[in-house]
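Engineer: task: produce atomic coordinates for the following.
(one chain, ligands or ions: 1)
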Amino acid sequence: MDTIRTAKAMADWSAAHQREGITIGLVPTMGALHAGHRALIRAARLSCDAVVVSLFVNPTQFGPKEDFSRYPRQLKADAALCKKECVDVLFAPSTDEIYPDGFQTTVTVPGLARRWEGERRPGHFAGVATVVTKLLAIVRPTAAFFGQKDFQQSALVTRLVADLNLGARVIVYPTVREADGLALSSRNVYLTKDQRAAAPVLFQALKAGRTAIRDGIKAGTKIQQAMRDVMKQERLATIDYLAVCDPETLEPLKQVRDRAVLLGAIRIGKIRLIDNLLVKV
Ligand code: PAF
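Structural biologist: Residues are numbered from 1 along each chain as shown. Down below sits the predicted model:
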């Protein structure tokens, strides 16, 4: 496995491989890799000839009070996981490489960034959209792989790639979960033992919403209530939002017709967890 640190070397590597007709799968990450990332790498390996994993803790997607400085960084362990998964390139640029002196462009996807995570984390999605655009411009992959756990991020990236004709296929891979349903996330390491025991309540609440829909309940407020009722049972957790939305626009649904996405964010102590479930009626 090659480790590449500069944008130029990465772009040269991709250009050389594309000239040979080799398809490239990109898995963008901020490191602290876990089984969810492994699943993305394996999906990329199955559909592309070569796999590039980018590892960049992107400062512009963290708010001033968020965990940028303490975000888990474990390059050695991440490199070992990538090597084991036969990744071809680990692209690990420095902050100056991605945001050199004079950098001033920002990519925004205002409609999809307006609600939910975007509302609670101002500037977050502009940071994500900008860095993903840069990574796609540098690596020029055939396909890029994102986890469904960050549903709003995946929707926004899918939109921006189409809007800007970036040419990569965006593949959204299903959320990987622990046995008790907790969605895998690099931030789960922050949970204490008690908090970890409480954390699956979010998935349980989403499942209650799904059951309500499958039982024929159509009103968004009633489905929301079914999710809230489950949350009430866990005293360590507080609701940030639980929403019943259109999977394309992410706007709240008054009535569910054929498809909905249930979006949830909760707080357990200082830790914020997000998750979602796509439901087809
Ligand atoms: O999902 C993530 O890990 C990040 O938001 C991403 C897509 C790598 C951009 O920094």
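Engineer: what does the stretch 101-250 of the chain have sitting close to the ligand?
Structural biologist: 128, 131-132, 150, 153 (C-beta under 6 Å from any ligand atom). Every C-beta, even on glycine, is put in place using the N, C-alpha and C of the backbone.
Engineer: 5 Å - rerun?
Structural biologist: Contacts of the stretch 101-250 of the chain with the ligand, taken as C-beta under 5 Å from any ligand atom, map to 128, 131.
Engineer: burial count for residue 107?
Structural biologist: Applying other C-beta atoms under 10 Å, we find 18 residues neighbouring residue 107.
Engineer: show me what contacts it?
Structural biologist: Residues in contact with residue 107 (C-beta atoms under 8 Å, 6 or more residues apart in numbering) are 126, 129-130, 133, 160, 164.
Engineer: what segments of the stretch 1-150 of the chain are helices?
Structural biologist: Taking DSSP state H, counting those that start in this stretch to define them, one finds helices in the stretch 1-150 of the chain at 7-19, 35-47, 75-84, 95-98, 110-113, 117-120, 124-139.
Engineer: could you dump the ones you listed into JSON lines and include mean pLDDT?
Structural biologist: Output for the helices of the stretch 1-150 of the chain, formatted as JSON lines (pLDDT from 0 to 100):
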{"stretch": "helix 7-19", "mean pLDDT": "98"}
{"stretch": "helix 35-47", "mean pLDDT": "98"}
{"stretch": "helix 75-84", "mean pLDDT": "98"}
{"stretch": "helix 95-98", "mean pLDDT": "98"}
{"stretch": "helix 110-113", "mean pLDDT": "98"}
{"stretch": "helix 117-120", "mean pLDDT": "98"}
{"stretch": "helix 124-139", "mean pLDDT": "98"}
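Engineer: need the winner for burial among these.
Structural biologist: Stretch with highest mean neighbour count among the helices of the stretch 1-150 of the chain: helix 124-139 (a mean of 22; mean count of other C-beta atoms under 10 Å).
Engineer: can you spell out which helices and strands pack onto it?
Structural biologist: Here helix 124-139 touches helix 7-19, strand 24-29, strand 50-55, strand 89-91, helix 110-113, helix 117-120, strand 143-147, helix 151-163, going by 3 or more C-beta pairs under 8 Å, 6 or more residues apart in numbering; DSSP states H and E.
Engineer: for it, what is the distance to the chain centroid?
Structural biologist: The chain centre lies 13 Å from the centre of helix 124-139; the measure is C-alpha atoms, centre = their mean, to the nearest Å.
Engineer: renumber starting at 289 from here on
Structural biologist: With 289 as the first residue, the last one maps to helix 412-427.
Engineer: only alpha carbons, please: show it as PDB.
Structural biologist: C-alpha atoms of helix 412-427 as PDB (Å, rounded to 0.1, in the frame of the first residue of the first chain):
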ATOM      1  CA  HIS A 412     -20.700  21.900   9.100                       C
ATOM      2  CA  PHE A 413     -22.100  20.900   5.700                       C
ATOM      3  CA  ALA A 414     -20.200  23.700   3.900                       C
ATOM      4  CA  GLY A 415     -17.100  22.200   5.300                       C
ATOM      5  CA  VAL A 416     -18.100  18.700   4.200                       C
ATOM      6  CA  ALA A 417     -19.200  19.800   0.700                       C
ATOM      7  CA  THR A 418     -16.000  21.700   0.200                       C
ATOM      8  CA  VAL A 419     -13.600  19.000   1.300                       C
ATOM      9  CA  VAL A 420     -15.500  16.300  -0.600                       C
ATOM     10  CA  THR A 421     -15.400  18.400  -3.700                       C
ATOM     11  CA  LYS A 422     -11.700  18.800  -3.200                       C
ATOM     12  CA  LEU A 423     -11.100  15.100  -2.600                       C
ATOM     13  CA  LEU A 424     -13.100  14.200  -5.700                       C
ATOM     14  CA  ALA A 425     -11.200  16.800  -7.800                       C
ATOM     15  CA  ILE A 426      -7.800  15.400  -6.600                       C
ATOM     16  CA  VAL A 427      -8.500  11.600  -6.700                       C
END
